[in-house]
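> what would the 3D arrangement of this be:
(2 chains)
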Amino acid sequence: MSSPPYIVKESSMRFFSNNNHLIIFAVFFTHIPFMVLGQLNEPITPLPLEVKFDKAKASLGKKLFNDKRLSADNSISCASCHDLEKGYGTDLLPVSEGVGGKHGERNSPTVYNAVYNFTQFWDGRAEDLSQQIDGPITNPLEMGLGTLQGAVDKIKSDQTYQQAFKQLYATEITIESMKDAIVEFEKSLVTTNAPFDQYLRGDESAITAEQKNGYQLFKTYGCVSCHQGQNVGGNMFQKLGVLKNINLQKGSLSKDLGRYNITKNEWDKRVFKVPSLRLAAVTPPYFHDGSVATLKDAVKVMVDYQLGREVPEEDILAIVEFLKSLVGELPKGVNS
Amino acid sequence: MKASLLIIIFLALAILGGSGLFIYQRTLPDIDAIRKDIVERILTIDSLDTNINELAIRNRYNFDLNYDGVTRASSLLDKAVSDFGRTYFINKNAETDLLARRFQDFKNELEVKKELIENFKTHNSVLRNSEKYAPLVGRKLIAVADQANEMTAKEHYTEIIREMLEYSLQGSSVRLENLKIMRTQLTEVEKSMPRQALTEMIAFNNHLSVVMEEKHNTDTFLRKIMLSTTGEELSQLSNAWDMWFVDQSQKYDNFTILLTAYIVSLLAFIAIIVWILRSLYRSLDQKVEERTKETEIAFEELKEYETQLMQSEKMASLGQLVAGVTYEMNTPLGYISANVDTVSKNIKGMGRVYEVMNILSNEVSLPKPDGKKMGALLKHLVKLFREGGKGEVINETQELLEDSTYGLNEISQLVSSLKDYGSIDQSEMKSINLNRNLDTTLDMSKSLIKNRELVRNYTDIKNIKGMPSQLNQVFMNVITNAIQATDDNTGKIIISTDSDEDNVIIEIEDNGIGMREEEVKHVFDPFFTTKDVGQGVGLGMAVAYKIIKSHGGEIIVESQPSNGTKVIIKLPLNHTEN
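Numbers count the residues shown, from 1 in each chain, chains lettered A, B, ... in the order given. Below you'll find the predicted structure:
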């Protein structure tokens, strides 16, 4: 009467009891890759929630970052062009004003999340943050000190610096230790836990429906071909005007030859580092010369010249909405 | 002298050679550590390098949808390589140093590869966009053609999209050639298409061209990445390192040979020194033996001499004794002799009385005494009696004899003292009371003491076992010193005896000239004397010390210049002779 189910039950029991470990093993190893791949298969990944850096060195670096003595006429600090509060690491100007009111040619990119960029500067001429520091300090249009040693010499007279460096680096202030302190501070400048990151981590309610839609459009329109990874960009070079000649643009975007100036490769004309879009929503104006004022216009330029498409206005707006969800929290201790 | 010079030379050579070797060794690298480090570094670099290839493929075939992986790997590779360079090639000239050249070759190749990767990323992104978008636009155009009933156009678009997708998947040149032909045909097809689809047609054309171009580019870059010779360059570098290690181990072998030579020469040198030292010691041994013999002989002689000296000191004190005795005996003997003279004279006078008395007695005894003769005899007898002081002679003689008896008594007493003292060499332990011995000695010294004040603070001490003659000599010596140190008239000598549980303590204190600390230190040294020449040879205290020690006792001298001297002698109550 009840024998068939009983038999089935028994056989199934025997199956499990005999091969219990095998089953667990199989489930474990067949599911893990999917779980991992499931996450990897989003082209954008969240920024780490916690960043590692040496607190003492970073706080020394912060002091240097805000120190106007690092410029020729004591008027400009790193923070002058990379305002850590209002400007989200930029000065919100097309191009920054250096010593003596001189203007450079390129827009100041944000220092936030710069540690995750594969190279530094618009044309990627610096391999890392440490190399990057050489640029603005020595550039006559920016801080105008001529040499890094000039910067070291200026801060050497400060007893508190001397003490701090002796304590942390066991040496006098050197170019290396000065740069290291600043780099250590920049490592702390990560905007973690953006709504979109929360969404990626599984919180469906972290972003709005429009933002979700914007993300899908961002993917389908192909923006994500270049703006991908944890920094939503910042890990490759791309040519400006892949599908439409940038000379057709009414603004000034075609003037700067970008990476060509360094490599002299014909193909590298107007090749720039793909910028991170993490803080794009809060760091106008846009592009290497800051010539485009709004995010909407910037997206339009990109869609037009890079993707070679016609995109309806509402989609553009959705993408802009999505970009807003990429803005993370300012790290604690930056404001104080 | 010679040996010490040799040792100095040896040490100098050892230090020089050792430090030379040390410096040489310092110039030699620590091969094992370096090998381990190098292997680790090369492995890391190699695995990152191959990892990059894999990651690029993953990007190409959309396993990875972003470039974070390849970017991270490539920046790690960069860091590993520049670390490698910083550690090992910082001051190396690539033209002269093989390792540096190989490393430079690898770095150059890696630079090329990095450039290829960047290009791949750039082109791959563009391709990805277009290969996704072109079919979308194409589908729209198919729909448009369908609506316009342009079946050739529809078919052509369908065909070209399929061909494009296959090309973008397989990348074969045949497909590319097909595509090129189809694209030229497309201009014809487009003419039949409705004008409202112009934008789409341009876009499609654009993206198709991008796919064709970028697929080719991307594949070329990817192929170049895969064919990049970084791996070979790295293995070349690794080989160069292997050669370097062989080279270095050669150096190590040289070093080992040098080290062995150094050690052998050191050992040889040590052997020479040992040999020299040995022969030196042998002669030294002989010398020591000779000297020992000489010393032994000298010691024997000295011992003999010491005995002699002790004897002579004994003789000296004996001489003193004799002088004292002579002095003591001279006075009684003097007056005894004078008395005897007088008595004999008196007796002579009395003898004549007796002669006359005898004749008278004979005359009286005769049967017929001669009166006349008897009268003359009586007359003569009276004359003699009167001449003899009428019997005073008898009284005088009586007194003289009494005096003499006193003198003889004194002499007899002195002799009995001498008898005590004379037993000086009787090495026989007796139970003695030191108070008595002190008294005896003081008696002997009476002539020397003269007007010195003598205080005897005796207490009732127990008998000890000792040799009286020897202890007498000790006391004699000490008291003689005390006497000689003090003035004849103002001198004061205090002699105290006392006892505690185990010892009898004798203190002989004087108020004499005393001694300086330096002198006190040497007071028991043989031949040490502060006295004038002839007063003593300086053995008194030495002898005393020896005797007291042989009695298991202790003798201490306390003295300060012009503050007197105190000699404390402690003798044990129960001394067992060893």
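> next, give phi and psi for the closest residue to chain A within the stretch 301-450 of chain B.
Among all residues of the stretch 301-450 of chain B, residue B:302 sits closest to chain A, at 75.1 Å; criterion: Cβ to the nearest Cβ. Bear in mind the C-beta positions are built from the backbone N, C-alpha and C, glycine included. Dihedral pair for residue B:302: phi -60, psi -40, per degrees, to the nearest 10.
> got it, and residue B:454?
Here is the backbone geometry of residue B:454 (degrees, to the nearest 10): phi -120, psi 120.
> give me the pLDDT for it.
pLDDT, residue B:454: 90.
> could you do residue A:158 as well?
If you check residue A:158, the pLDDT there is 90.
> give me the neighbour count for it.
For residue A:158, the count of nearby residues is 15 (other Cβ atoms under 10 Å in any protein chain shown).
> repeat that for residue B:387.
Residues near residue B:387, counting by other Cβ under 10 Å: 12.
> for residue B:457, see how far away it is.
60 Å (Cβ to Cβ, to the nearest Å).
> likewise for residue A:310?
Taking Cβ to Cβ, one finds residue A:310 at 144 Å from residue B:457.
> just residue A:188 next, same as before
From residue A:188 to residue B:457 the distance is 101 Å (Cβ to Cβ).
> now the element after the lowest-mean-pLDDT helix or strand in chain A, going C-ward?
The weakest-scoring helix or strand in chain A, judged by mean pLDDT, DSSP states H and E, is helix A:3-40 (a mean of 45). Per DSSP states H and E, the first helix or strand lying C-terminal to helix A:3-40 is helix A:55-65.
> which parts of that next one are buried?
Within helix A:55-65, the residues that qualify as buried are A:57, A:58, A:59, A:60, A:61, A:62, A:63, A:64, A:65, counting by 16 or more other Cβ atoms under 10 Å in any protein chain shown.
> kindly reformat these as JSON lines containing distance to residue A:44.
Shown next, in JSON lines, are the buried residues of helix A:55-65 (distance: Cβ to Cβ, whole Å):
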{"residue": "A:57", "distance to residue A:44": "31"}
{"residue": "A:58", "distance to residue A:44": "27"}
{"residue": "A:59", "distance to residue A:44": "32"}
{"residue": "A:60", "distance to residue A:44": "34"}
{"residue": "A:61", "distance to residue A:44": "29"}
{"residue": "A:62", "distance to residue A:44": "29"}
{"residue": "A:63", "distance to residue A:44": "34"}
{"residue": "A:64", "distance to residue A:44": "33"}
{"residue": "A:65", "distance to residue A:44": "29"}
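> number of residues surrounding whatever residue of the stretch 1-150 of chain A ends up closest to chain B?
Of all residues in the stretch 1-150 of chain A, residue A:43 sits closest to chain B, with a separation of 3.6 Å (Cβ to the nearest Cβ). Around residue A:43 there are 20 other residues, counting by other Cβ under 10 Å.
> and the pLDDT for residue 144?
Answering for chain A, as no chain was given. Reported pLDDT for residue A:144: 89.
> wrong one, chain B
Residue B:144 is given a pLDDT of 91.
> what's the answer for residue A:129, then?
Taking residue A:129 on its own, its pLDDT is 93.
> can you check residue A:258 too?
In this model, residue A:258 carries a pLDDT of 93.
> and for it, nearest residue in space, chain neighbours not counted?
Spatially, and ignoring its direct neighbours in sequence, residue A:258 is nearest to residue A:272 (4.6 Å; Cβ to Cβ, 6 or more residues apart in numbering or on different chains).
> my read is that neighbour is in a strand, agree?
Yes - with DSSP: H, G, I helix; E, B strand; the rest coil as the criterion, residue A:272 is part of a strand.
> bridging residues for it?
residue A:238 (DSSP bridges).
> now do the contacts for it.
Shown in contact with residue A:272 (Cβ atoms under 8 Å, 6 or more residues apart in numbering or on different chains): A:122, A:123, A:124, A:237, A:238, A:240, A:258, A:259, A:288.
> the last one against residue A:258, yeah?
What it means is residue A:288. Yes - contact criterion Cβ atoms under 8 Å: residue A:288 and residue A:258 qualify, at 7.0 Å.
> overlap of the contact sets of those two?
With Cβ under 8 Å, 6+ apart, residue A:288 and residue A:258 have common neighbours A:122, A:272.
> and the helices in the stretch 301-450 of chain B?
For the stretch 301-450 of chain B, applying DSSP state H, counting those that start in this stretch gives helices covering B:371-387, B:392-422, B:434-444, B:446-449.
> tell me the most buried of those?
helix B:434-444 (a mean of 20; mean count of other Cβ atoms under 10 Å in any protein chain shown).
> and chain B, which residues reach chain A?
B:64-68, B:71, B:74-75, B:78, B:118, B:121-122, B:125-126, B:128-130, B:132-133, B:199, B:203, B:206-207, B:210 (Cβ under 8 Å from any Cβ of the partner chain).
> which of the residues you listed are buried? Put it as a ChimeraX command.
The following ChimeraX line selects those of those that are buried, judged by 16+ other Cβ under 10 Å:
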select /B:64,65,66,67,68,71,74,75,78,118,121,122,125,126,128,129,130,132,133,203,206,207,210
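> what about the residues of chain B next to chain A, which are in helices?
B:68, B:71, B:74-75, B:78, B:118, B:121-122, B:125-126, B:128-130, B:132-133, B:199, B:203, B:206-207, B:210 (DSSP state H).
> what comes up buried for stretch A:219-238?
Those would be A:219, A:221-238, for stretch A:219-238 by 16+ other Cβ under 10 Å.
> can you check the distance spanned by it, start to finish?
By Cα to Cα, to the nearest Å, the extent of stretch A:219-238 from end to end equals 17 Å.
> chain neighbours aside, what residue packs nearest to residue B:352?
Closest to residue B:352 by Cβ to Cβ, 6+ apart is residue B:384, at 5.7 Å.
> low-scoring stretches of the stretch 201-350 of chain B, by residue?
Regions of the stretch 201-350 of chain B meeting the criterion pLDDT under 70 cover residues B:311-325, B:327-328.
> look at the nearest residue to residue B:550 once chain neighbours are set aside and report its pLDDT.
Leaving aside its chain neighbours, residue B:550 sits nearest to residue B:470 (7.7 Å; criterion: Cβ to Cβ, 6+ apart). The score at residue B:470 is 83. That number is its pLDDT.
> is it fair to say residue B:470 lies in a strand?
No - with three-state DSSP as the criterion, residue B:470 is helix rather than part of a strand.
> and for it, the neighbour number?
21.
> how close does the residue nearest to residue A:258 get to residue B:213?
From residue A:272 to residue B:213 the distance is 20 Å (Cβ to Cβ).
> tell me how far stretch B:175-183 lies from the chain's centre.
98 Å (Cα atoms, centre = their mean, to the nearest Å).
> now do that stretch: everything it contacts.
Counting by Cβ under 8 Å, 6+ apart, B:156, B:159-160, B:163-164, B:166-167, B:205, B:208-209, B:212, B:215-216 sit against stretch B:175-183.
> quick check: buried residues in it?
By 16+ other Cβ under 10 Å, the buried positions in stretch B:175-183 come out as B:175, B:176, B:178, B:179, B:182, B:183.
> that one - what's its average pLDDT?
Across stretch B:175-183, pLDDT averages out at 91.
> just to revisit the earlier point, turn the helices of the stretch 301-450 of chain B into JSON lines, including mean pLDDT.
Listed next are these as JSON lines, based on pLDDT from 0 to 100:
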{"stretch": "helix B:371-387", "mean pLDDT": "82"}
{"stretch": "helix B:392-422", "mean pLDDT": "76"}
{"stretch": "helix B:434-444", "mean pLDDT": "86"}
{"stretch": "helix B:446-449", "mean pLDDT": "82"}
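> distance from stretch A:83-97 to the middle of the chain?
Centroid separation for stretch A:83-97 versus its chain: 15 Å, with Cα atoms, centre = their mean.
> start and end of it, how far apart?
Stretch A:83-97 end-to-end distance (Cα to Cα) = 13 Å.
> average pLDDT for that stretch?
Stretch A:83-97 comes out at a mean pLDDT of 92.
> show me what it is in contact with.
Outside stretch A:83-97, the residues touching it (Cβ under 8 Å, 6+ apart) are A:80-82, A:103-112, A:114, A:142, A:189, A:191, A:279, A:282-285, A:289-291, A:327, A:330, A:334-335.
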